[in-house]
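Novice: Just the structure for this:
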Amino acid sequence: MTGNVIRDFRGDTDGDWVVARHAALYARDEGFDASFGELVRQIVTDFTNAHDPACEHGWIAEREGTRAGSIFCVRQTADLAKLRLFLVEPEARGTGLAQGLLATCMGFARDAGYKGMTLWTHESHVAAGRLYARTGFTLERSVPARSFGVDVVEQHWQIAL
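Specialist: Numbering: from 1, shown residues only. Presented below is the predicted three-dimensional model:
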């Protein structure tokens, strides 16, 4: 991963970037409306204001000194972590950055004592689904839904740690 760095999320400087990039990329690629950015803003705000650093953490990936991705591990239950806000900029895809972010997040979850990890995504994220499957996640269910102004198929994945 030459030129790639994974560092701790800094809420005071990284939060707005996480929100803006999620909102922009999902609007462009998925047709999501502004409610998606509002959801991301709420997740980032809640994390920044009230996360428990012993069992919750966020990371920013940088490529050649520029932000290129994000991932968060938050508590779902005492034994189950939830992966959130996983994003890799299009120009950084295929560089190993996504695998590095996922491995960092899962390693933290194991070290924090979680027994498993869950995540929610959409069927349209084919490359992410392949990464999850390669890593050992199992697709638990797919559910058609209307979210963020568009029809989607929500996917729920899980892995034992």
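
Novice: Show me where the chain has its strands.
Specialist: Applying DSSP state E to the chain gives strands spanning 4-8, 57-63, 66-75, 80-88, 116-122, 138-147, 150-160.

Novice: Compare the ones you listed and give me the one nearest Trp17.
Specialist: Closest approach to Trp17 among the strands of the chain is made by strand 66-75 (5.6 Å; Cβ to Cβ). C-beta coordinates here come from the backbone N, C-alpha and C atoms, glycine included.

Novice: quick revisit: of the strands of the chain, which is nearest Ala50?
Specialist: Among the strands of the chain, strand 66-75 comes nearest to Ala50, with 10.3 Å by Cβ to Cβ.

Novice: In terms of secondary structure, what does the helix ranked longest in the chain contact?
Specialist: Ranked by residue count, the top helix of the chain under DSSP state H comes out as helix 11-30. Helix 11-30 is packed against helix 34-50, strand 57-63, strand 66-75, strand 80-88, with contacts defined by 3 or more Cβ pairs under 8 Å, 6 or more residues apart in numbering; DSSP states H and E.

Novice: partners of the shortest one, with directions?
Specialist: This points to strand 57-63. strand 4-8 (antiparallel), strand 66-75 (antiparallel) (DSSP bridges).
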